[in-house]
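Peer 1: Got a sequence here, can you model it:
(3 chains)
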Amino acid sequence: MATLLRKAARVSLSGSLLSAGGRPGRLYALSYFGSNSRNSSTSSKVKVDLDNSSGIAVVKFQGPPVNSMGMDFLTEMAIGLDKLELDKNCRGIILTSAVPKVFSAGLDIMDMYGKTLEHYELFWRSVQDLWLKLYSSSKIMIAAINGASPAGGCLMALSCDYRILADNPRYKIGLNEAQLGIVAPFWFKDSMVNTVGYRIAEESIQFGVMYSPADALKIGLVDQVVPEDKVLSTAKEKMEKWFDIPDHARQISKSMMRKPTIDRMLANRETDIKNFVGFISKDSIQKSLEMYMAMLKMKKG
Amino acid sequence: MATLLRKAARVSLSGSLLSAGGRPGRLYALSYFGSNSRNSSTSSKVKVDLDNSSGIAVVKFQGPPVNSMGMDFLTEMAIGLDKLELDKNCRGIILTSAVPKVFSAGLDIMDMYGKTLEHYELFWRSVQDLWLKLYSSSKIMIAAINGASPAGGCLMALSCDYRILADNPRYKIGLNEAQLGIVAPFWFKDSMVNTVGYRIAEESIQFGVMYSPADALKIGLVDQVVPEDKVLSTAKEKMEKWFDIPDHARQISKSMMRKPTIDRMLANRETDIKNFVGFISKDSIQKSLEMYMAMLKMKKG
Amino acid sequence: MATLLRKAARVSLSGSLLSAGGRPGRLYALSYFGSNSRNSSTSSKVKVDLDNSSGIAVVKFQGPPVNSMGMDFLTEMAIGLDKLELDKNCRGIILTSAVPKVFSAGLDIMDMYGKTLEHYELFWRSVQDLWLKLYSSSKIMIAAINGASPAGGCLMALSCDYRILADNPRYKIGLNEAQLGIVAPFWFKDSMVNTVGYRIAEESIQFGVMYSPADALKIGLVDQVVPEDKVLSTAKEKMEKWFDIPDHARQISKSMMRKPTIDRMLANRETDIKNFVGFISKDSIQKSLEMYMAMLKMKKG
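Peer 2: I've put the predicted structure just below:
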């Protein structure tokens, strides 16, 4: 993490709603990733491989250095997931990373700084869309988490039906927004409560706790911890086993469980966007972001 | 299980709403019980013994081979539970089985095949009634689970205040409807969520997981696992201990906890019946059931 | 406990709504605390120490023998908490006891016996107020539980953001109202469900379970168990660590989690008061309380 930080040029913001009380100085200390590598700018951020014989699609995040969830990532994910959803050959999807040491560092700060109100609105709607597509997918979704997974990265994992984390103490996972002085939106919170229960979610979100693999397993934030080189194969084995379940019954059951959470998001979607846009476009917040990025650059120096 | 399967003549369907995607072939492989014994047809399916000195009633399922929940079982349970509810000498009820190796295999498929719409409606209303009586009972309810307990069998256990499971790895318990290509109704789901929490219920219901005693204990699906010959005595000891609690305070507390779940069921009861009747009377579903039963007969040969 | 009981003169009732089925005889056996010490009557029941350098306020209950939650305690707590809430130097509050062996024994029975309807209403509103102030505090609240903590004592602990319990098997904690023949109000129940989940709360409240430190830790009713002489220092260390989190983000996150529970209480507040006043003023209940107190005096002899 430390070495990654020193190379930071591009900024990934592990969270969504910046609070007025955010402290740029500490934000820096707690931010996980940055980048001086731009060679992926023209390349695809997401690679989708569907194995027609097995019915398993592997969706690989390949936006070094930290698989930031920017507009390009969000757009590619939306297109990829829509295609898979309609593809009858696909019965299950595995989310994983092609970037060493990181699953995804979360939302891209570049989409929250110095842009138009229209951009902020579009960006936030796209983040909501990604969650909706992941959380309501009719496919079996497994997160093969082979790297650190803060904030938005954690959210993608939480949206799956099963989470397998690589057994590396550096690969922490959690909704750490509060640590950064920002607040996880209500649907991040709902996803967390649904996974680890109210009490752990309360502590987790209030204090922005990042969990080691051992702790994540203990609280049920992930379902399995396996050696790093077994993450993907374990995900595939689990998937094959679950393919024994008739799709239709499984899909209806999944929908019955998740519909209330999805409905709550949809009912509050426009308000959530309005809140985000109003917040992020504040002078004080933009100033905080500016200072934050300046510090990252200085550190990189 | 395997030997029981081979003897299958009567069909017990561990679930309720058959999905269009149900796969009869696999249904067979996953069905737990059948029967070639009809000598219990004229006898009672449920035996109720109330010990006036202790205040404990033991309700024994005695419908071999698998304590299927058919109309006769449901009717006898309704009458027995109503009587006990009104009997001031009764302070607690223990549910257990007189049939070796099985607590109950769940709903009886014979009540879902080749019958009139009126019969389906009556049957489903009776299943709802049983759950309502169990879940809202003012008595202390303990499940002494001395055998396998899939689907409807698991539901009866979930409706109790405490669950003691015999320590036999063959005595699995769970809402395995999805494995059979069918879907657990919302109040089965609610009972499961209330017992093991949202996350485990989601995995459990989506993939129709059947749990070994060790796993059931770990996730809180049962409260105790004891040697098979200690199940009933342990239930009685627990009951005696809880008789120390004043009934009135306990009853109000229980009602405060369970009322929202009961109210949700009552508010959606007629829709639930309509859904079931519409679904089960479909030609495709009846055809699936027919094939399913034919296979069972062939296997039995 | 036994020795404390024998000294009982003042009565502390661990609960709120007495049920008609309450059994005074057993109430006695299960009551935890009493008192023959009146030397604290003119002194303050609560001591508030705010360390401006650290930002930590320690709120010490000092109403021997059992820190009963009577009108004086409730009033002092309300004033103290209001002051701290407005004090920008205060970022966190630790609740603890200056009385050996007991955190708080809960509501004071003297405020429920032989008083006017107006008094009952005022008393109950004050109990509600205390919970509202604790549960919705913008500060980090930690319970340093250095003694037994039944009923109302447990409620105060449940209202905090973190619970540290002294490792003494005599220091049991729980909502034991049902054991006393009374019923925990819905917001006690909500606080319990939010902490330990639905299933454990159901058993806990229905049977009035008191948990040892080991069991309380296992079910998540407390977050840490430490040697008695480390309770306060551990609370302070935890607090210091959490001061790293920007207040604003933490406060919004906490509010997002707790608002639904607080809103439910506020929406039902007047009904809850009406229920309490109607119940407690019944002749049968007042008679039960009279017998209860008479027994305590006899035992004390």
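
Peer 1: Was I right to think A:Asp272 contacts A:Phe186?
Peer 2: Yes - assessed by CB atoms under 8 Å, A:Asp272 is found in contact with A:Phe186 at 7.2 Å. Every C-beta, even on glycine, is put in place using the N, C-alpha and C of the backbone.

Peer 1: Establish whether stretch A:164-181 and chain B are in contact.
Peer 2: No - using CB under 8 Å from any CB of the partner chain, stretch A:164-181 stays clear of chain B, coming no nearer than 13.2 Å.

Peer 1: And the residue of chain A that's closest to chain B?
Peer 2: Of all residues in chain A, the one sitting closest to chain B is A:His248 (2.6 Å; CB to the nearest CB).

Peer 1: Spell out which helix or strand contains that residue, please.
Peer 2: Using DSSP states H and E, A:His248 sits within helix A:247-267.

Peer 1: Pull the distance from whichever helix or strand comes after that helix to the chain's centre.
Peer 2: As assigned by DSSP H and E, the chain's next helix or strand after helix A:247-267 is helix A:269-280. Relative to the centre of its chain, helix A:269-280 is centred 19 Å away, using CA atoms, centre = their mean, to the nearest Å.

Peer 1: what helices or strands is helix A:269-280 leaning on?
Peer 2: Contact partners of helix A:269-280 among helices and strands, from 3 or more CB pairs under 8 Å, 6 or more residues apart in numbering or on different chains; DSSP states H and E: strand A:17-18, helix A:117-135.

Peer 1: Now do the shared contacts for A:Asp272 and A:Phe186.
Peer 2: A:Met265 (CB atoms under 8 Å, 6 or more residues apart in numbering or on different chains).

Peer 1: Can you pick out the residue with more neighbours from those two?
Peer 2: Shown here are A:Asp272 and A:Phe186; by other CB atoms under 10 Å in any protein chain shown, A:Asp272 has more neighbours (20 against 16).

Peer 1: Tell me, how many residues neighbour the nearest residue to the more buried one once chain neighbours are set aside?
Peer 2: Nearest residue to A:Asp272, sequence neighbours excluded (CB to CB, 6 or more residues apart in numbering or on different chains): A:Pro185, at 6.1 Å. Residues contacting A:Pro185 under the criterion other CB under 10 Å number 25.

Peer 1: Wait, A:Pro185 touches A:Thr271, no?
Peer 2: No - A:Pro185 is beyond contact range of A:Thr271, at 10.7 Å (criterion: CB under 8 Å).

Peer 1: Give me every residue in the stretch 201-301 of chain A lying close to chain C.
Peer 2: Proximity of the stretch 201-301 of chain A to chain C is confined to A:201-203, A:205-208 under the rule CB under 8 Å from any CB.

Peer 1: one step back: lowest-confidence stretch among the helices and strands packed on helix A:269-280?
Peer 2: Note on the helices and strands packed on helix A:269-280: lowest mean pLDDT is at strand A:17-18, with a mean of 40.

Peer 1: Local confidence estimate at A:Ser212?
Peer 2: In this model, A:Ser212 is scored at 98, pLDDT.

Peer 1: how long is stretch A:154-162 end to end?
Peer 2: With CA to CA, to the nearest Å as the measure, the ends of stretch A:154-162 fall 13 Å from one another.

Peer 1: Assign a three-state SS to the residue nearest to A:Asp129 when sequence neighbours are not counted, would you?
Peer 2: Nearest residue to A:Asp129, sequence neighbours excluded (CB to CB, 6+ apart): A:Ala78, at 5.8 Å. Secondary structure, DSSP: H, G, I helix; E, B strand; the rest coil: A:Ala78 is helix.

Peer 1: And the residue in the stretch 151-300 of chain A that chain C sits nearest to, how far from C:Asp263?
Peer 2: Residue nearest to chain C within the stretch 151-300 of chain A: A:Gly181 (4.0 Å; CB to the nearest CB). Applying CB to CB, to the nearest Å, the value for A:Gly181 to C:Asp263 is 26 Å.

Peer 1: Those two: which has the busier surroundings?
Peer 2: Counted by other CB under 10 Å, A:Gly181 and C:Asp263 do not tie: A:Gly181 has more neighbours, with 27 against 10.

Peer 1: where do the helices sit along the stretch 151-300 of chain A?
Peer 2: If DSSP state H, counting those that start in this stretch is used as the criterion, the helices of the stretch 151-300 of chain A fall at A:151-158, A:186-196, A:198-206, A:213-219, A:231-242, A:247-267, A:269-280, A:283-300.

Peer 1: Quick one: name the residues of the stretch 101-250 of chain A near chain B.
Peer 2: Counting by CB under 8 Å from any CB, the residues of the stretch 101-250 of chain A close to chain B are A:161-162, A:193-197, A:220, A:223, A:242, A:244-250.

Peer 1: Could you tell me the per-residue confidence at A:Asp82?
Peer 2: So, for A:Asp82, pLDDT stands at 98.

Peer 1: thinking it is in contact with A:Leu134, fair?
Peer 2: No - here A:Asp82 lies out of contact with A:Leu134, judged by CB under 8 Å, at a distance of 11.8 Å.

Peer 1: out of those two, which sits in the more crowded spot?
Peer 2: Taking other CB under 10 Å, A:Asp82 and A:Leu134 do not tie; A:Leu134 has more neighbours (23 against 12).
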